[in-house]
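S.K.: Provided below are the primary sequence and the corresponding predicted coordinates.
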Amino acid sequence: MENYASQPIIFLSLTIVSFVQFLLILRLLCELMSVTFNNPVTQLIVRATNPILMPLRIIPLYIGKVDIMIILIITLATSLKIYINPNFSGFEYSLNALLVAGFGFAIKEILDILWYAVIIGAIGSWFMAYNSHPIFSLIEEICHPLYRPIRNIMPDFSGIDLSPIVLLVLINLLQMLLLPPIFNLTRFL
């Protein structure tokens, strides 16, 4: 029989870890897309993630603009979510398989957040009154560098911007191409 007394603790733990992971993913996206840090939402993300990142940035680990430390922490947080999730309790993971699965799920969640940012940004562009809100500014700053190459390739359709639709298709293709090999790798670990 399941221990139902631990369910609130598991729920609370998953919620806290998921929230920290979400903030770290937003921080990663802000750094990758060179978002201006004068946006109040971006400042909140930086203030919330600095206590986690600053002690670990003693040794700088960068490849280009990519901060490897954030990726490692996101992978660890995602692996922790898998480990404490009761839906995965029947699976036996080695530590290596858990970390690879955590990395795969982290990529999935990063792409999911990008997907939702594109949707929210596209819908928000229909309502001019809300475009000045800091959240829409942040979403635009995250998505604009991804739209730019698509807009350079696609012809102009009389003011209709199809780059969000193309980006959504590309995000789904990336998920289909990247995730299965990563998750298949866990079978061999």
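M.R.: Happy to help now that I have it.
S.K.: In CSV, could you pull the C-alpha coordinates for stretch 93-113?
M.R.: This file holds the C-alpha atoms of stretch 93-113, laid out as CSV (Å, rounded to 0.1, in the frame of the first residue of the first chain):
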residue,chain,number,x,y,z
TYR,A,93,18.2,4.2,-13.1
SER,A,94,21.9,4.1,-12.8
LEU,A,95,23.4,7.5,-11.9
ASN,A,96,24.7,7.9,-15.5
ALA,A,97,21.3,7.0,-17.0
LEU,A,98,19.5,9.4,-14.6
LEU,A,99,21.8,12.2,-15.6
VAL,A,100,21.5,11.5,-19.4
ALA,A,101,17.7,11.3,-19.0
GLY,A,102,17.8,14.5,-17.0
PHE,A,103,19.8,16.2,-19.8
GLY,A,104,17.2,14.9,-22.3
PHE,A,105,14.2,16.2,-20.3
ALA,A,106,16.0,19.5,-19.7
ILE,A,107,16.4,20.0,-23.5
LYS,A,108,12.7,19.0,-23.9
GLU,A,109,11.7,21.6,-21.3
ILE,A,110,13.9,24.3,-22.8
LEU,A,111,12.3,23.7,-26.2
ASP,A,112,8.8,23.6,-24.5
ILE,A,113,9.4,27.0,-22.9
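S.K.: Tell me which helix or strand Val46 sits in.
M.R.: Secondary structure assigned from DSSP states H and E places Val46 in helix 40-53.
S.K.: With Leu111 instead?
M.R.: Element membership for Leu111 (DSSP H and E) is helix 95-124.
S.K.: go on, Asn172?
M.R.: With the criterion set as DSSP H and E, the secondary-structure element containing Asn172 is helix 163-185.
S.K.: Report the separation between the residue nearest to the spatial centre of the chain and Leu24.
M.R.: The centroid of the chain falls nearest to Ile110 when counting by Cα atoms, centre = their mean (2.5 Å). To Leu24, Ile110 is 10 Å away according to Cβ to Cβ, to the nearest Å. C-beta: built from backbone N, CA, C; applies to glycine.
S.K.: next one: Leu177
M.R.: Plainly put, Leu177 is 24 Å away from Leu24 if you go by Cβ to Cβ.
S.K.: average model confidence for the helix holding Asn172?
M.R.: Taken as a whole, helix 163-185 carries a mean pLDDT of 95.
S.K.: what helices or strands is that helix leaning on?
M.R.: helix 95-124, helix 134-153 (3 or more Cβ pairs under 8 Å, 6 or more residues apart in numbering; DSSP states H and E).
S.K.: Let me have those in JSON lines, extended by mean pLDDT.
M.R.: Output for those, formatted as JSON lines (pLDDT from 0 to 100):
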{"stretch": "helix 95-124", "mean pLDDT": "94"}
{"stretch": "helix 134-153", "mean pLDDT": "93"}
